[in-house]
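Asks: sequence and computational prediction follow.
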Amino acid sequence: MSELEGKRVFVTGSGAGIGKAIAALFTERGARVVISDLNADAAKQAADEIGAAGVANCDVTDEGQVQAAVQQAVDLLGGLDVLVNNAGIEVSSPLLQQSTESFDKIFAVNVRGTFVTMKAAIPHLVEAKGNIVNIASIAGIGGSPLLGSYCATKAAVIQLTRVAAVEMRPTGVRVNAVCPGFADTAMVERLVPDFEAATQVPFGDLVAAKQGRLGTPQDIAEVTAFLASDRASWITGSHYVLDGGLTASLV
Ligand SMILES: NC(=O)c1ccc[n+]([C@@H]2O[C@H](COP(=O)([O-])OP(=O)(O)OC[C@H]3O[C@@H](n4cnc5c(N)ncnc54)[C@H](O)[C@@H]3O)[C@@H](O)[C@H]2O)c1
């Protein structure tokens, strides 16, 4: 039997990039996945391509929309075993030149979005003794120029993961995070010009030197699938680093 056979799964921000790869791999491994995204066209296209169980869109900054989408997913699937909090945005700016509005926006998506989606899903996950995987980042572990507010949001996601895991342990619900390095998605494509301008190094060279190669969305989907599966039944409150050794290196 496939490791995710029959698991009922809701993935935020799964119309593209890492979320879409997670939805695709989970479906391939036997899960029934509901796709959710801010971009309804991308969500529909992803669901059609993947053969997902359905679509329940929301903007994760809107708690009412999140609650409605989680309920829609539960109705479609007959319950919920796994929540993947993947929706996230980046801001590329020197920290102290970033506008307060933009700072609030990235916290609203990356941190508050993770919080409200966990809250909406928890009653259903308790019923199923399910689990949550939050997509954090190595930016939550170390600092990076141009990614100050992003780093702060991802550190917050790691801490939300830890505390939720400890508080939920008596219920049997597990909560983990994954921390990818640079992976090949539209998000990183948007960052390349600013990183090249700041470092004066071609982005491909920077990536080769620091992490061997660019990660693929599938690299991240693999670890997410493991954490969501029953094989990870003793793993909770953890954050898994996937970065080709970037954070292991001092030079
Ligand atoms: N790509 C990387 O190198 C990398 C590295 C570490 C962590 N991450 C994290 O992985 C996650 C996915 O990143 P990605 O690279 O696939 O990004 P992406 O920009 O390629 O895709 C993000 C998806 O999320 C959706 N989204 C954005 N804001 C939303 C909102 N408010 N509500 C619902 N959906 C929303 C977008 O429409 C898009 O479909 C993010 O949390 C990101 O921070 C990415």
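Replies: Received the coordinates, thanks.
Asks: tell me the contacts of the closest residue to T185 other than its chain neighbours?
Replies: Closest residue in space to T185, ignoring its immediate chain neighbours: G17 at 3.7 Å, by Cβ to Cβ, 6 or more residues apart in numbering. In short, each C-beta sits where N, CA and C put it, glycine included. Shown in contact with G17 (Cβ atoms under 8 Å, 6 or more residues apart in numbering): 185-187, 217.
Asks: turn those residues into JSON lines, including neighbour count.
Replies: Compiled in JSON lines, the contacts of G17 are given as follows (neighbours: other Cβ atoms under 10 Å):
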{"residue": "T185", "neighbour count": "20"}
{"residue": "A186", "neighbour count": "9"}
{"residue": "M187", "neighbour count": "16"}
{"residue": "P217", "neighbour count": "20"}
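Asks: could you pick out which of these are near the ligand?
Replies: The subset of the contacts of G17 lying close to the ligand, counting by Cβ under 6 Å from any ligand atom, consists of 185-187.
Asks: C-alpha coordinates for stretch 53-66, CSV please?
Replies: C-alpha atoms of stretch 53-66 as CSV (Å, rounded to 0.1, in the frame of the first residue of the first chain):
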residue,chain,number,x,y,z
ALA,A,53,-10.0,15.5,-5.4
GLY,A,54,-11.2,19.1,-5.6
VAL,A,55,-10.6,22.8,-5.2
ALA,A,56,-11.4,25.0,-2.2
ASN,A,57,-9.9,28.4,-2.7
CYS,A,58,-9.0,31.0,-0.1
ASP,A,59,-6.8,34.0,0.6
VAL,A,60,-5.0,32.8,3.8
THR,A,61,-5.0,36.4,5.1
ASP,A,62,-8.9,36.3,5.3
GLU,A,63,-9.9,34.1,8.3
GLY,A,64,-13.5,33.8,7.0
GLN,A,65,-12.4,32.5,3.7
VAL,A,66,-10.0,30.1,5.3
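Asks: run through who's touching that stretch.
Replies: Contacts to stretch 53-66, defined as Cβ under 8 Å, 6+ apart, come from residues 8, 10, 12-13, 32-38, 40, 43-44, 47, 68-70, 72-73, 76-77, 87, 108-109, 112-114, 116-117, 120.
Asks: then stretch 169-177?
Replies: By Cβ under 8 Å, 6+ apart, the list of residues contacting stretch 169-177 reads 118, 122, 125-126, 129-136, 157-158, 161, 164-165, 168, 227, 232-233, 235-240.
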